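Participant: Here is the input, now give the coordinates:
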Amino acid sequence: MKKELKTDLEKIAYNCRQATYLIEKKQGEELSDREKLELKIHLAGCYICRVYEQQSLLISDMVRNLLKTDPTIEIKLDDDYKRTLKKTLADKINNQR
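Facilitator: Numbers count the residues shown, from 1 in each chain. Purely as a prediction, here's the structure:
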C-alpha cells in the first residue's frame with residue numbers, strides 16, 4: 001500500500017522527478033529561492049538523486065570539454081527551437097504531476 005503524501009514537505013521530499021528536473025535546470029539557469037530550497041530538502045534525504053546530480057555534472061563537464069577541444073564544432077540552437085523545447089518539457093512535467 002502506497003503512503004499518501006499530505007504535507008508540502010512530504011511531497012517535496014519524495015518527488016525525485018521534480019528533483020532531477022531542478023538538477024538539470026540548475027546547470028542552465030538560476031533556480032528561484034523556492035526551487036533551491038525544494039532541491040536542498042530533497043537531496044538531504046535522497047541518496048539516488050545526490051548521485052544523479054554528481055553524474056549529471058560530470059557528464060555536462062565532459063561534453064563541455066569535448067566541444068571546447070574541437071574549434072570546428074559550433075552548436076547553437078535557434079531561439080524559436082529553444083522556446084518550443086522549453087514549452088514541451090514544461091507541459092510534459094506539468095502533466096505528470
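Participant: For this structure, which segments count as strands?
Facilitator: When assigned using DSSP state E, the chain turns out to have no strands.
Participant: Quick one: residues contacting residue 35.
Facilitator: Taking CB atoms under 8 Å, 6 or more residues apart in numbering, we find residue 35 in contact with 22, 25. Where you see a C-beta, it was placed from the backbone N, CA and C, and this is true even at glycine.
Participant: Can you read off the pLDDT for it?
Facilitator: Listed pLDDT for residue 35 reads 93.
Participant: now it: how far from residue 54?
Facilitator: As judged by CB to CB, to the nearest Å, residue 35 and residue 54 stand 19 Å apart.
Participant: Same question for residue 29.
Facilitator: 20 Å.
Participant: In terms of packing, which of those two has more residues around it?
Facilitator: With neighbours defined as other CB atoms under 10 Å, residue 29 and residue 54 compare such that residue 54 has more, 11 against 7.
Participant: ok, now how distant is that one from residue 61?
Facilitator: Taking CB to CB, one finds residue 54 at 11 Å from residue 61.
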